[in-house]
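J.: kindly generate the corresponding structure for this input.
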Amino acid sequence: MTRRALLSVSDKTGIIDFARGLADLGWTILSTGGTARTIRDAAIPVVDVSEVTGHPEMMQGRVKTLHPAIHAGILARRDRSDDLSALEDMGYGPIDLVCVNLYPFHEAAAANAPIPNAMEQVDIGGPTMLRAAAKNHENVFVIVDPADYDIVLDALRQVESVASLRLELARKVFTHTAHYDAAIASYMTRSMARTRSTEALRAGPRPGTADDDEWPPSLVMGFSRVQSLRYGENPDQPAAFYAESGAPAGSLPFMRQLHGKELSFNNLLDVEATVTAVSAWHGENTSACVIVKHTTPCGLALAETAHEAWARALACDPVSAFGGIVAFNGPVDAVTAEALSGTFLEIVVAPSFEDRALAVLQKKKNLRILELPVTQSGEGELDYKRVRGGLLVQRRMSMRFPETGWKVVTKRAPTDAEMKDLRFAWRASASVKSNAIVLARDLRTVGIGAGQMSRVDSSRIAVMKAHDQNVDLTNAVLASDAFFPFRDGVDAAAREGVVAVIQPGGSVRDEEVIAAADEHGMAMVFTGRRLFRH
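T.: So this is what the prediction gives:
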């Protein structure tokens, strides 16, 4: 009996050679739509699926393989006479090989396509055929990966058993369809979260409340290994980097490494922190530069040019910047590259690099150069934190900072210049580890205190960093990622010359803190939004 293969692929890579190899072995090829045209144009005999089903394709190809003539042929067990009799009674024949790859939903998800557009890329017939063939893999070869075409052709030319190959091909199918479904589920979860996040931002700050309706009762996630890593946070911890199915464009799986050593586990954590920090100025008509060490900024600045932004960010803490990770929100030019070359850095990240800039930076043999779109992270993404036996899940912090609900709570309002610095410092504090204190002046950080158990200690460190660089804090502003529980932090800032403070508010001692600011003639703004980063 002539063996039959059904070929229906979105990715046509290698399909002509595969079809020709099957035809040379005497197989009859069944196919659909564009795949059939591709094979026929290569002068390879092919039978349209509609001839097998006796039914034309419908709705521009949305319905073509969902028919008993196809699925009975795939699912029939060759060692069951009743299955074979059922095929014969209906005039159907067995299908011995199924080669399918699916509509490119991952690309639609990565591009954050609107839901109606993305749904058009959800394959229905393809996964159904793949799962049917994988279920019946003892009798049917099933192929989802073009890399397996030659392996299968070689196996078909052999006489010996290929049971292990059939099993491996089936495993790949179920893994592939699981990832495909996970990408769809993740995309729809992100879409829901994006809608809720946008609504929440429009509504302004409000106390958090538990809402079971917001969270699905179960999460479906798929991850594919991008690369094995030398080790994790420490040399005795094995590690790897995995990409989430349907990850959005602008996320780390889409970065291009243009130069330098292989990225490590800690490098990837720092890259994420750096790009998140600089994304607060995504799409704005200003150059932003951030320098990160151990996932928290040690310098951040705005300027008219990338070169100037780098110099201003470096001035905050040049000692900590040694061995740091730097990100820009715009292109890196040759002038900036020359300036970067004067400091030992691990990584430089930017949306693009001029050719002359690359030539300069590539002189540093081990410097990792990463090209990555700096998109505004937050809306539509979920943030997962591993705990023993489970996951904590939250909507990722939005790096948009609407001023809905902001209010001046002191007798003196900030001047226009102070307000510009307060906005800058507030955005900067979102990427600093809690407890976070940011001192800023003229749109650059002049002192950063991070990760301390006490907010006062973070304030002391921020002041110390400023003094280390001989910075006079007169007319500086201060941002705190959470409220001041006592007035002592405000008193200390005033003694150093700080003239304005921005913080969420919400302490039982707010009135005491406001009174302290008034005593010192300081301006204070409450945002109503906390920016903890643990």
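
J.: list the contacts of D317.
T.: For D317, the contact set (CB atoms under 8 Å, 6 or more residues apart in numbering) comprises 291, 298-299, 448, 465, 468-469. All C-beta spots, glycine's among them, are computed from the backbone N, C-alpha and C.

J.: closest to V501 among those residues?
T.: I448 (15.5 Å; CB to CB).

J.: in what helix or strand does the closest one lie?
T.: strand 445-449 (DSSP states H and E).

J.: bridging residues for the closest residue in space to M464 that isn't next to it in sequence?
T.: Of all residues not flanking M464 in the chain, G447 sits nearest, at 7.4 Å (CB to CB, 6 or more residues apart in numbering). Following DSSP bridges, G447 is listed with bridge partners L439.

J.: surely G447 meets C316?
T.: Yes - assessed by CB atoms under 8 Å, G447 is found in contact with C316 at 7.1 Å.

J.: now for the residue nearest to M464, how many residues are close by?
T.: G447 is flanked by 26 other residues according to other CB atoms under 10 Å.

J.: who's in contact with it?
T.: 316, 437-439, 461-466, 471, 473, 476.

J.: now with 7 Å?
T.: 439, 462-463, 465-466 (CB atoms under 7 Å, 6 or more residues apart in numbering).

J.: now do L361
T.: So L361 contacts 259, 337, 340, 348, 367, 369 (CB under 7 Å, 6+ apart).

J.: apply 10 Å and report the result again.
T.: Neighbouring residues of L361 by CB atoms under 10 Å, 6 or more residues apart in numbering: 258-260, 332, 334, 336-338, 340-341, 345, 348, 353, 367-369.

J.: which among these end up buried?
T.: Those of these that meet the buried threshold are 259-260, 332, 334, 336-337, 340, 345, 348, 353, 367-369, by 16 or more other CB atoms under 10 Å.

J.: out of the residues you listed, which are inside helices?
T.: Here DSSP state H is the test, and these give 334, 336-337, 340 as lying in helices.

J.: tell me the one of these nearest Y231?
T.: The closest of those to Y231 turns out to be L340 (CB to CB; 27.5 Å).

J.: pretty sure that closest one sits against V326.
T.: Yes - with contacts counted by CB atoms under 10 Å, L340 reaches V326, the gap being 6.8 Å.

J.: domain ranges for the chain?
T.: 4-186, 256-371, 402-526 (automatic domain parsing).

J.: picking that back up, so what sits against both of L340 and V326?
T.: 289, 310, 314, 332, 348.

J.: tell me what the first one is bridged to.
T.: It refers to C289. Going by DSSP bridges, C289 forms beta bridges with A301, F328.

J.: and the fourth one, by the same measure?
T.: Under the criterion DSSP bridges, V332 forms beta bridges with F353.

J.: so who does it touch?
T.: 289, 306-307, 310, 326, 340, 348-354, 357-358, 360-361, 369, 371.

J.: what do you get for the second one?
T.: Counting by CB under 10 Å, 6+ apart, W310 makes contact with 287, 289-291, 299, 301, 303, 321, 326, 328, 332, 335-337, 339-340, 343, 348.

J.: quickly name whichever of the buried ones among the contacts of L361 is closest to P217.
T.: Nearest to P217, judged by CB to CB, of the buried ones among the contacts of L361 is R368 at 41.3 Å.

J.: for the closest residue to that closest one other than its chain neighbours, give me its contacts.
T.: Setting aside the residues directly before and after it, R368 is nearest to G260 in space (CB to CB, 6+ apart), at 3.5 Å. Neighbouring residues of G260 by CB under 10 Å, 6+ apart: 267, 346-348, 361-362, 364-370.

J.: model confidence at G260, what's the number?
T.: Looking at G260, its pLDDT reads 94.

J.: for Q362, see how far away it is.
T.: 8 Å (CB to CB, to the nearest Å).

J.: same check, this time on M397
T.: Taking CB to CB, one finds M397 at 34 Å from Q362.

J.: between the two, which one's more packed in?
T.: Between M397 and Q362, counted using other CB under 10 Å, the more crowded position is M397 (18 against 15).

J.: what kind of secondary structure is the more buried one in?
T.: Three-state assignment for M397 (DSSP: H, G, I helix; E, B strand; the rest coil): coil.

J.: that one reaches S434, doesn't it?
T.: No - M397 lies out of contact with S434 (CB under 10 Å); the separation is 11.6 Å.

J.: shared neighbours, the two?
T.: In contact with both M397 and S434: 530-533, using CB under 10 Å, 6+ apart.

J.: just those residues now: which is nearest V47?
T.: R533 (60.1 Å).

J.: V349: what's it in contact with?
T.: 255, 270-271, 274-275, 278, 290, 292, 325-328, 332, 368-372, 374.

J.: cool, and K411?
T.: Here K411 is in contact with 514, 517-518, 521-524 (CB under 10 Å, 6+ apart).

J.: for it, give its distance to D518.
T.: 5 Å.

J.: can you check the pLDDT for the closest residue to N475 other than its chain neighbours?
T.: With CB to CB, 6+ apart as the criterion, N475 has its nearest non-adjacent residue at 5.4 Å, and that residue is V499. On pLDDT, V499 comes in at 97.

J.: return the distance of V499 relative to G449.
T.: 18 Å.

J.: same deal with G222?
T.: Using CB to CB, G222 is found at 40 Å from G449.

J.: host element of A357?
T.: In the assignment (DSSP H and E), A357 maps to helix 355-361.

J.: to clarify, my last question referred to G299.
T.: Per DSSP H and E: strand 296-303 holds G299.

J.: what angle do that strand and strand 445-449 make?
T.: 160 degrees (axes from the mean of the first three to the mean of the last three CA atoms, to 10 degrees).

J.: which stretches of the chain aren't confidently modelled?
T.: For the chain, the stretches with pLDDT under 70 are 1, 61, 159-161, 193-214, 246, 376-380.

J.: follow-up on the earlier one: filter the contacts of G260 down to the ones in strands?
T.: In this view, the contacts of G260 that belong to strands under DSSP state E are 346-348, 368-370.

J.: now, among those, which is nearest to M90?
T.: L370 (57.8 Å).

J.: and that closest one, bridged to which residues?
T.: Beta bridges link L370 to Q257, V349, judged by DSSP bridges.

J.: just checking, it touches I325?
T.: Yes - applying CB under 10 Å as the test, L370 and I325 come out as touching, 9.3 Å apart.

J.: settle it for me: which of these two has more neighbours?
T.: I325 (28 against 23).

J.: the more buried one reaches R368, doesn't it?
T.: Yes - I325 is within contact range of R368, at 8.7 Å (criterion: CB under 10 Å).

J.: quickly list what's touching both of K411 and D518.
T.: M524.

J.: circling back to that earlier point, list residues touching both of G260 and Q362?
T.: I369.

J.: does F18 touch D150 like I think?
T.: Yes - with contact defined as CB under 10 Å, F18 counts as touching D150 (8.2 Å).

J.: who has more neighbours, these two?
T.: Neighbour count, other CB under 10 Å: between F18 and D150, F18 has more, with 23 against 13.

J.: for that one, which non-adjacent residue is spatially closest?
T.: Y149 (4.1 Å).

J.: done for today, thanks.
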